[in-house]
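Asks: heads up, no residue letters with this:
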């Protein structure tokens, strides 16, 4: 465990560093041009002076102080004020002068640091020192050792930037061995959008969270690191469980699921477009609010205004629930979705507002945004939800109803959920009707019967076949589902024992359920 660590003050980075870096460590920040090295260094110095009363010095070889001040101002960092208060000092010099200063224990550079009581130092960057050594036929390794030894005498925590080619990794660069902490920045184009990552390669004397974490340079904020979702720790080693039930929002469906959903369970609702996945999600959340729970709808397919309008047509007052603070709607466009950033925003909202019930509509967007990360991301999401004993819906638009065993080629999520609800269209005669089935309910004896449902005021409701009556105007009898084979295959056949027995013994055919009349808007 680190004693009195140096907190970088950069949002998210201290979380990755498990609190900060060892005091007096020499930190190397490497990356290609545009990766954010100088910005990260400025953030380190600014946070030290503004937040932790640790004055800092910036040494620049190439950028003049005016440009550094301009760049800092774009992130709402008032470096000029800190300079006036003698908490920050900018020194523009040359590699030759700096190296010469480090050859002396009491040179002018040391005096400059002492004059403001500097605790942090940024040198931007290491590449000019290398070019200076090459131009003067001097061994760069010796200059690096001279630099590191000089920094150790100063008693400050130092951050040095270094350029690295995007396509070439300098695996044997000597500085990588002598610096205590190495932070590597990358900048890649993913589907024509820029995606930045940060990785802590090493940090002597401490543990840290390994792997690539998403990083953004945000206007008015600066550097923001979003810890990779898959690395989230569990809330407790023993996952909390409950025997309390949560209603799906439809009494007949609760019966099919042996009393509803277990609190803390995850339900995957899958079906083709238009079968009512979002409707069932809204129904679930509004019922949860009525029971005194706090709800969150994470919508990635529809904008909140459109969703609120559509829900109102079925009698759901989502806008009213949002105003009263019992329902939260979080929307992010799938076009620029970064999973680590999205995860951070959702989890912080859930923790801040004490959310009990969540609907993710639809998790297929995660596959579209990052096909190679979607499956692991769902595991992280499920782990977080279960760790809080929250009850969640994962809505997924599946093109093939019976493909639920795999969901899709990349997004294999059906085995990590506790319950599965299948929604589908069934064509009978010339009319499309809707079918619902519940093939999986962990810890419960669910009713595995395919039922017919309709969507109307109040959301989804299941038809009662035992009390239904036929439609007189139908040219072909609209029989109940119990009269057919092959409903889930979407090619139902009326050659069933019920019909065959009626025909053979001259009995009347079973009554059909009363279907709602066709309406036009």
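Replies: It's in. The structure presented is a predicted model; accordingly, all values stated were derived computationally and were not measured.
Asks: OK, contacts around residue 116?
Replies: 55, 57, 86-89 (Cβ atoms under 8 Å, 6 or more residues apart in numbering). (Each C-beta comes from the backbone N, C-alpha and C, glycine too.)
Asks: please repeat the previous calculation with a cut-off of 6 Å.
Replies: By Cβ atoms under 6 Å, 6 or more residues apart in numbering, the residues touching residue 116 are 55, 86, 89.
Asks: make JSON lines out of those residues and add distance to residue 386.
Replies: Conversion of those to JSON lines gives the following (distance: Cβ to Cβ, whole Å):
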{"residue": "55", "distance to residue 386": "46"}
{"residue": "86", "distance to residue 386": "52"}
{"residue": "89", "distance to residue 386": "51"}
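Asks: helices of the stretch 351-500 of the chain, start to end?
Replies: Using DSSP state H, counting those that start in this stretch, the helices found in the stretch 351-500 of the chain span residues 364-369, 374-387, 497-504.
Asks: likewise for the stretch 201-350 of the chain?
Replies: For the stretch 201-350 of the chain, the helices defined by DSSP H, counting those that start in this stretch occupy 251-256, 277-290, 304-312, 318-323, 339-353.
Asks: run the chain-centre distance for the third one.
Replies: So the one you mean is helix 304-312. Average the C-alpha atoms of helix 304-312, do the same for its chain, and the two points are 24 Å apart (Cα atoms, centre = their mean, to the nearest Å).
Asks: can you tell me what sits against that helix?
Replies: With Cβ under 6 Å, 6+ apart as the test, helix 304-312 has contacts from 282, 299, 318-319, 329, 331.
Asks: how near is the closest residue to residue 363 other than its chain neighbours to residue 362?
Replies: If the residues on either side of it in the chain are set aside, residue 363 comes closest to residue 394, at 4.8 Å by Cβ to Cβ, 6 or more residues apart in numbering. Separation of residue 394 from residue 362 (Cβ to Cβ, to the nearest Å): 8 Å.
Asks: same deal with residue 464?
Replies: To residue 362, residue 464 is 30 Å away according to Cβ to Cβ.
Asks: which of these two has more neighbours?
Replies: A direct count of neighbours by other Cβ atoms under 10 Å for residue 464 and residue 362 places residue 362 higher, at 25 against 13.
Asks: got the contact list for the nearest residue to that one once chain neighbours are set aside?
Replies: Nearest in space to residue 362, with sequence neighbours left out and distances taken as Cβ to Cβ, 6+ apart, is residue 395 at 4.5 Å. Shown here is residue 395, whose contacts under the criterion Cβ under 6 Å, 6+ apart are 269, 277, 281, 361-362.
Asks: sort out which residues of stretch 287-294 are buried, please.
Replies: 287-289, 293-294 (16 or more other Cβ atoms under 10 Å).
Asks: between those, which is closest to residue 29?
Replies: residue 294 (41.1 Å; Cβ to Cβ).
Asks: how close does the closest one sit to residue 388?
Replies: The gap separating residue 294 from residue 388 is 12 Å, by Cβ to Cβ.
Asks: related to what we said a few turns ago, as JSON lines, the contacts of residue 116 with secondary structure, neighbour count and pLDDT would be great.
Replies: As requested, those are exported to JSON lines (DSSP: H, G, I helix; E, B strand; the rest coil; neighbours: other Cβ atoms under 10 Å; pLDDT from 0 to 100):
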{"residue": "55", "secondary structure": "coil", "neighbour count": "22", "pLDDT": "96"}
{"residue": "86", "secondary structure": "coil", "neighbour count": "12", "pLDDT": "95"}
{"residue": "89", "secondary structure": "strand", "neighbour count": "20", "pLDDT": "95"}
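Asks: pick out the residue nearest the middle of the chain.
Replies: Within the chain, the residue whose C-alpha comes closest to the C-alpha centroid is residue 343; the distance, by Cα atoms, centre = their mean, is 2.2 Å.
Asks: apart from its chain neighbours, what residue comes closest to that one?
Replies: Closest to residue 343 by Cβ to Cβ, 6+ apart is residue 229, at 3.8 Å.
Asks: which residues touch the one you found?
Replies: Residue 229 makes contact with 339-340, 343, 377, 380, according to Cβ under 6 Å, 6+ apart.
Asks: try 8 Å this time
Replies: By Cβ under 8 Å, 6+ apart, the residues touching residue 229 are 339-340, 343-344, 376-377, 380-381.
Asks: dump those residues into a markdown table; add distance to residue 17 as well.
Replies: Shown next, in a markdown table, are these (distance: Cβ to Cβ, whole Å):
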| residue | distance to residue 17 |
| --- | --- |
| 339 | 21 |
| 340 | 16 |
| 343 | 19 |
| 344 | 16 |
| 376 | 23 |
| 377 | 23 |
| 380 | 20 |
| 381 | 24 |
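Asks: state the pair within these that is farthest apart.
Replies: Largest separation among the contacts of residue 229 by Cβ to Cβ: 344 and 376, giving 15.7 Å.
Asks: with neighbour numbers in mind, choose between those two.
Replies: residue 344 (22 against 14).
Asks: for that one, which residues are in contact?
Replies: Here residue 344 is in contact with 12, 226-227, 229 (criterion: Cβ under 8 Å, 6+ apart).
Asks: try 6 Å this time
Replies: If a contact means Cβ under 6 Å, 6+ apart, then residue 344 has residue 226 as its contacts.
Asks: this completes my enquiry, with thanks.
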